[in-house]
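1. quick one, structure for this:
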Amino acid sequence: MLASARRSRILDAVRDHGSVRVADLAVQLDVSDMTIRRDLDALAEQGVVRKVHGGAVLAGERAIELGFERKRRFAAAEKRAIARRAAQLVRPGTAVALSAGTTTWQLAQELAQIDGLTLVTNSTNVAMQLHRLGVPGQSIVLTGGVFRTPSDALTGPIADAALRGLNVDVLFLGAHGLDLHAGVTTPNLAEAQTNRTMIASAGQVVVVADHTKWGVVGLATFAPLRAVDVLVTDTGFPRVAREAVADQVGEILFAEPDALDAPA
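-> Numbers count the residues shown, from 1 in each chain. You can find the predicted model right below:
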């Protein structure tokens, strides 16, 4: 296959899935990892992709917000590993809040196995996942609010009012992007405000975000890094950023994906 045809297929894959892995592309296209890396370098120079650890994502994420089902497939193995690690922070019988997001949706599957939780969310997807998998003794609180896509989040004054009257032990927040200066961001102003209200209601703030979120800046900042008590990410998180982030957040926990985390 000519380099131009191969790079066209790689770009199609990035556009379809939002992110790609070097190892996966090498197998699919029957070439070496080094060849794929050169292809990604070339595409990055054209400004159509942005390289991340182990692969690439679509360039211009600041302006792009894809739908839940498409985002759910991005970095799926990392999200499963992050969810397992994050669930270890939760004790039976506590009150837990989850923001909208595909990593928090994955986390819901883990929390459904813990007895006696009160689970608060503004995500219709998270609420349905908890309802489907929940165990006796769990209580699910859905905030209400204005439904918006593509994140399938409930936002606005109704959601904010509901959250202001609550106090939760721990909040798990998804993120569109993480940046040393911009902090934790989302493309949507209403969702940013609802996330801020969630933070104000929480005793502990935990951000769950895979490594591809680093360096991505959405329109609205809803928390500086120093407001994050714990960041749960995967081992692909850039090493050059770890020390700088560690100076800002309370604690960083790294999750290691394994073969069981790979998409079916």
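2. need the helices for the protein, in chain order.
-> Counting by DSSP state H, one finds helices in the chain at the ranges 3-17, 22-29, 33-45, 68-72, 76-87, 102-111, 124-133, 157-164, 189-200, 239-246.
3. can you lay out those as a markdown table showing mean pLDDT, mean neighbour count and distance to V232?
-> Every residue, glycine included, has its C-beta placed from N, CA and C. Below are these laid out as a markdown table (pLDDT from 0 to 100; neighbours: other Cβ atoms under 10 Å; distance: least, Cβ to Cβ, whole Å):
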| stretch | mean pLDDT | mean neighbour count | distance to V232 |
| --- | --- | --- | --- |
| helix 3-17 | 83 | 15 | 23 |
| helix 22-29 | 91 | 16 | 23 |
| helix 33-45 | 91 | 16 | 27 |
| helix 68-72 | 61 | 16 | 18 |
| helix 76-87 | 94 | 23 | 5 |
| helix 102-111 | 94 | 25 | 9 |
| helix 124-133 | 91 | 19 | 16 |
| helix 157-164 | 96 | 18 | 22 |
| helix 189-200 | 96 | 21 | 16 |
| helix 239-246 | 89 | 12 | 12 |
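4. with distance to A175 added, can I get those helices in a markdown table?
-> Putting these into a markdown table (distance: least, Cβ to Cβ, whole Å) gives the following:
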| stretch | distance to A175 |
| --- | --- |
| helix 3-17 | 19 |
| helix 22-29 | 24 |
| helix 33-45 | 23 |
| helix 68-72 | 12 |
| helix 76-87 | 12 |
| helix 102-111 | 8 |
| helix 124-133 | 15 |
| helix 157-164 | 18 |
| helix 189-200 | 9 |
| helix 239-246 | 13 |
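5. ok, which of those helices comes nearest L178?
-> Distance to L178, taken as Cβ to Cβ, is lowest for helix 239-246 among those, at 7.9 Å.
6. can you list the residues that contact that closest one?
-> 178, 180, 214-215, 225, 231, 252 (Cβ atoms under 8 Å, 6 or more residues apart in numbering).
7. among those residues, who's most crowded?
-> L178 (28 neighbours; other Cβ atoms under 10 Å).
8. look up how far L25 lies from it.
-> 25 Å (Cβ to Cβ, to the nearest Å).
9. swap in L117?
-> 40 Å.
10. got the CA positions of stretch 134-153 in CSV?
-> Provided in CSV are the C-alpha atoms of stretch 134-153 (Å, rounded to 0.1, in the frame of the first residue of the first chain):
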residue,chain,number,x,y,z
GLY,A,134,-27.7,-1.8,40.7
VAL,A,135,-27.9,-3.9,43.8
PRO,A,136,-30.6,-3.8,46.5
GLY,A,137,-30.0,-1.0,49.0
GLN,A,138,-28.6,1.5,46.5
SER,A,139,-30.4,4.8,45.9
ILE,A,140,-30.2,6.6,42.6
VAL,A,141,-30.8,10.4,42.4
LEU,A,142,-31.2,12.0,39.0
THR,A,143,-31.0,15.8,39.2
GLY,A,144,-33.4,16.8,36.5
GLY,A,145,-32.7,19.7,34.2
VAL,A,146,-32.4,20.7,30.6
PHE,A,147,-31.3,17.7,28.5
ARG,A,148,-28.5,18.3,26.1
THR,A,149,-26.6,16.2,23.6
PRO,A,150,-24.0,15.1,22.7
SER,A,151,-23.0,14.4,26.3
ASP,A,152,-26.6,13.4,27.4
ALA,A,153,-26.2,15.6,30.5
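11. can you give me the buried ones in that stretch?
-> By 16 or more other Cβ atoms under 10 Å, the buried positions in stretch 134-153 come out as 134, 138, 140-143, 145, 151-153.
12. check stretch 48-61 too.
-> Neighbour-count burial for stretch 48-61 [16+ other Cβ under 10 Å]: 48-50, 52-59, 61.
13. still on that earlier bit, return the subset of the contacts of helix 239-246 lying in strands.
-> Of these, the ones assigned to strands by DSSP state E are 178, 231, 252.
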